[in-house]
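Visitor: build the 3D model from these lines:
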Amino acid sequence: KMGISTPVFGGLKYMNSSELLEFGEMTLRNWWDTNENLREMYADRETFVQDTLGVLRNNFDLTKTTDWRDLAYRTGLSKDVAMSIRGGGDKMQYYFSYNYYDEKGTQVGYDLTRHLFKARMDFDITEFLSFGVNMNGTFQKSVSPYTGLVTMESIHPWISPYNEDGTLKYNMEAWSDMVMSAEALVNPLRDNAYNDLTELRNNLFGSFSGILKPFSWLTLSSTNTFTLINTNANEYLDSRTYSGNHSSNNVSNGTLKVDDGRSWSFLTSNILRLQHRFGEHSLGGLLGQEWYERHSRTSHVEMYDQLIAGERNVGGFAKQGRKNDAGVVPTGTEGDAGSFSVFSEINYNYSGKYMASVPTVRLILEKIGQVVRDRASLRQSPFCHRDRPVGIRMSAEPSHSRVQSHTDNSGSVPITSNGQYIFAGCRS
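Guide: Have a look, this model is predicted:
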């Protein structure tokens with residue numbers, strides 16, 4: 001499937017250089033008419049108008065117009081390709097699907113690519129044994145241009161991004177408040193050819209489940225799931241561009257910011273169910289166990305002083321942090337959590353009218369921890385870190401109610417919000 005999209009501006013058109021200049025002259029004349037101080041300074045309106053716009057006329061060719069909207073937007077194209085396979089027989093069924101999506105946005109420089117897949121297989125091994133496997137994933141990459149605070153549509157039409165020979169200017173002269181600006185203007189056409197923000201997001205989910213039913217009154221089921229999430233944001237300003245060399249970067253010779261996040265979790269749930277009928281009596285129950293754990297890690301690093309133009313990784317830069325802020329250093333966090341529980345239930349039914357049930361009892365063991373890589377430790381070694389206490393909680397209760405622990409940096413035993421002590425210690 002193919003798609004075409006065009007930008008819609010609701011009939012709004014921008015002025016060309018002559019129209020904008022004419023509008024500016026009209027505004028200045030009205031200002032002179034209503035301002036007594038201006039009339040005292042200038043003998044007539046035209047002298048005031050010509051004097052005020054003199055810098056503009058002397059530095060720009062006002063007969064030429066740059067259509068910045070035309071340079072900023074384009075016809076968007078999208079491609080969506082999907083396929084699926086399904087089949088099987090009495091003992092096995094399978095399904096697989098794949099989707100590829102690619103989009104070139106209507107704004108120049110905005111691109112998106114995404115891959116999705118799903119796979120599932122179900123097996124009926126015997127009359128009393130079956131299991132299934134399920135997996136799906138998403139892999140996405142998006143790219144957006146980086147031009148700082150400059151947007152193409154905010155640039156005056158008499159400013160051209162091109163030199164006389166047709167090549168792109170390194171930067172552009174700017175006119176503001178009736179005078180030439182001391183700071184040059186970023187040329188977005190040139191900078192966008194090198195600089196961008198690239199974001200990656202990958203999600204992967206998988207599960208395995210099985211059911212064993214050796215007797216009509218006994219069933220054992222197991223469900224196991226795994227989730228993986230990775231994210232990465234790479235903001236890159238090339239040393240060959242004005243943004244990467246000057247614009248608010250104190251001649252940083254290229255900069256790089258990388259934010260990375262990774263997390264994975266695992267859950268297993270195993271349940272033994274019993275259900276037996278004799279006459280009008282029905283007796284049932286279950287015994288279950290669950291284990292859950294999650295691990296996460298984040299990191300943030302900034303670099304400057306590029307060694308090799310075009311290299312947008314940490315190894316392509318000489319210095320870490322920011323040139324104009326010595327306090328910026330790489331940071332990161334690690335966290336993990338886990339819980340183990342055992343639960344049971346017994347119920348009785350007579351003739352479908354009278355029922356009795358023993359309340360669920362859970363034995364819960366929890367672990368909550370966090371590792372913080374701080375500024376001081378990272379200055380010593382990228383492998384050093386300071387640990388915060390890892391809390392472990394055990395309880396038996398009718399229902400599961402998670403309590404977050406309060407930790408401090410001293411390594412002391414923390415206390416939960418309900419006043420119970422948690423056995424805690426720092427990891428080595």
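
Visitor: only C-alpha atoms for contact and neighbour calcs from this point on.
Guide: Will do.

Visitor: give the contact list for residue 233.
Guide: 197, 198, 199, 200, 257, 258, 259, 260 (C-alpha atoms under 8 Å, 6 or more residues apart in numbering).

Visitor: one more time with 7 Å
Guide: With contact taken as C-alpha atoms under 7 Å, 6 or more residues apart in numbering, residue 233 is in contact with 197, 198, 199, 200, 258, 259, 260.

Visitor: am I right that it is in a strand?
Guide: Yes. Counting by DSSP: H, G, I helix; E, B strand; the rest coil, residue 233 is located in a strand.

Visitor: what strand or helix carries the spatially closest residue to it that is not a sequence neighbour?
Guide: The shortest distance from residue 233 to any non-neighbouring residue, by C-alpha to C-alpha, 6 or more residues apart in numbering, is to residue 199 (4.4 Å). Taking DSSP states H and E as the definition, one finds residue 199 inside strand 196-215.

Visitor: tell me which residues in that strand are buried?
Guide: For strand 196-215, the neighbour count (16 or more other C-alpha atoms under 10 Å) marks 196-213 as buried.

Visitor: please apply the same query to stretch 80-88.
Guide: Result for stretch 80-88 [16+ other C-alpha under 10 Å]: no buried residues.

Visitor: chain center to the longest strand along the chain, what's the gap?
Guide: Using DSSP state E to define each element, the chain has its longest strand at strand 281-306. Strand 281-306 has its C-alpha centroid displaced from the chain centroid by 19 Å (C-alpha atoms, centre = their mean, to the nearest Å).

Visitor: now that strand: mean pLDDT?
Guide: Average pLDDT, strand 281-306: 92.

Visitor: got it, and stretch 349-362?
Guide: On average, stretch 349-362 scores 76.

Visitor: next one: stretch 314-333
Guide: Averaged over stretch 314-333, pLDDT sits at 88.

Visitor: please apply the same query to stretch 64-80.
Guide: 92.

Visitor: now stretch 196-207
Guide: For stretch 196-207, the mean per-residue pLDDT is 96.

Visitor: over to stretch 93-103?
Guide: The model assigns stretch 93-103 a mean pLDDT of 96.

Visitor: where's it relative to the chain centroid, distance-wise?
Guide: On C-alpha atoms, centre = their mean, the centre of stretch 93-103 falls 23 Å from that of its chain.

Visitor: need the residues that contact it.
Guide: With C-alpha under 7 Å, 6+ apart, stretch 93-103 has contacts from 77-88, 111-123.

Visitor: which residue packs closest to residue 125, ignoring adjacent ones?
Guide: residue 91 (6.4 Å).

Visitor: check whether that neighbour really touches residue 124, as I assumed.
Guide: Yes. Taking C-alpha atoms under 7 Å as the definition, residue 91 is a contact partner of residue 124 at 4.8 Å.

Visitor: what residues are bridge-paired with the residue most central in space within the chain?
Guide: Centroid check for the chain by C-alpha atoms, centre = their mean gives residue 231 as the closest residue, at 6.2 Å. For residue 231, the beta-bridge partners are residue 201, residue 261 (DSSP bridges).

Visitor: returning to that earlier point: who does the longest strand of the chain pair up with?
Guide: Strand 281-306 sits in its sheet next to strand 255-278 (antiparallel), strand 317-320 (antiparallel), strand 331-350 (antiparallel), going by DSSP bridges.

Visitor: which parts of the stretch 1-150 of the chain are strands?
Guide: Ranges of strands within the stretch 1-150 of the chain are 2-5, 76-88, 92-104, 111-126, 129-145, based on DSSP state E, counting those that start in this stretch.
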